[in-house]
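>>> fold the following.
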Amino acid sequence: MSSRFTVASVAVLVFLGAVSTAFVSAQATQTGKKTMAPAVGPVKPPTTDAAKIKSALSAAPPAVSKDATVMDMATMKVLRQGTNGWTCFADGPSPGLDPMCLDKNGMEWAGAWMQHQDPPKDKMGFGYMLMGGSDASNTDPFATEPKPSDRWVDTGPHVMVLNIGDRFAGYPTTSTNTKLPYVMFPNTPYAHLMIPIK
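Next up, the predicted model:
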């Protein structure tokens, strides 16, 4: 459910190490256990509202998710109203875990993508997918499953810089190595930078 400004992306990369460390530390503190790597699919999506909320909140650091609105992606029903401008979605039907949290601009980008419209101009967005994600294609924004000769694009825990237009010079535009930053949906209005954090 898965962007490049040279200066902005460098700043984001510098700050991501701290985000990742804080997230892992917070999870370990909350559970009192060592944080395990996210499960890899196929994974059955949550079905109850309580399970969807729990799944959605796992997508971002607790400082972001604890006051975020939670919505059901399939119905766009609000499961929990938030107060901080962020919106989180539970894991969906793909081979891996892929809950997601988006800021306000990210929600506008996602709304445009869902309606097959151009995203709003010059409104860069940001998103967390700290449990990772699986995408049907790196080139087709509307693919629901890979072509017969292709595979799911599995990216581990990452953040996304959304609505980058064509400003991604220097970054790979293929998903050959999802351990490194790369552009998803290049040469489309939905191009965004995928930045792994582990």
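
>>> CA atoms for contacts and neighbours, from now on please.
Noted.

>>> hey, what's the most centrally placed residue in the chain bridged with?
For the chain, the residue sitting closest to the mean C-alpha position, by CA atoms, centre = their mean, is residue 129 at 3.7 Å. Here residue 129 sits in beta bridges with residue 158, going by DSSP bridges.

>>> do you know how far it is from residue 46?
For residue 129, the distance to residue 46 (CA to CA, to the nearest Å) stands at 16 Å.

>>> same thing with residue 186?
31 Å.

>>> neighbour count winner among these two?
residue 186 (23 against 17; other CA atoms under 10 Å).

>>> go ahead and confirm that one touches residue 193.
No: applying CA atoms under 8 Å, one finds residue 186 not in contact with residue 193, separated by 9.2 Å.

>>> mind jotting down where the helices sit in the protein?
For the chain, helices defined by DSSP state H occupy the ranges 6-31, 49-57, 62-65, 104-114.

>>> helices or strands up against the shortest one?
Under the contact criterion of 3 or more CA pairs under 8 Å, 6 or more residues apart in numbering; DSSP states H and E, the helices and strands touching helix 62-65 comprise an empty set.

>>> work out the gap between stretch 164-174 and the centre of the chain.
Relative to the centre of its chain, stretch 164-174 is centred 17 Å away, using CA atoms, centre = their mean, to the nearest Å.

>>> same question, stretch 183-195
With CA atoms, centre = their mean, you get 12 Å for stretch 183-195.

>>> next, the buried residues of it.
183-186, 189-195 (16 or more other CA atoms under 10 Å).

>>> ditto for stretch 101-111
Neighbour counts over stretch 101-111 (16+ other CA under 10 Å) mark 101-110 as buried.

>>> next one: stretch 141-155
For stretch 141-155, by 16+ other CA under 10 Å, it's 141, 152-155.

>>> you'd agree residue 46 is up against residue 93?
No: here residue 46 lies out of contact with residue 93, judged by CA under 8 Å, at a distance of 9.5 Å.

>>> the residue nearest to residue 57 when sequence neighbours are not counted: what's it in contact with?
The shortest distance from residue 57 to any non-neighbouring residue, by CA to CA, 6 or more residues apart in numbering, is to residue 65 (5.2 Å). When contacts are counted by CA atoms under 8 Å, 6 or more residues apart in numbering, residue 65 touches 57-59, 86, 88, 101.

>>> lowest-pLDDT helix or strand in the protein?
helix 6-31 (a mean of 35; mean pLDDT, DSSP states H and E).

>>> check the gap between residue 142 and residue 115 for me.
10 Å.

>>> for residue 92, give its distance to residue 150.
Taking CA to CA, one finds residue 92 at 20 Å from residue 150.
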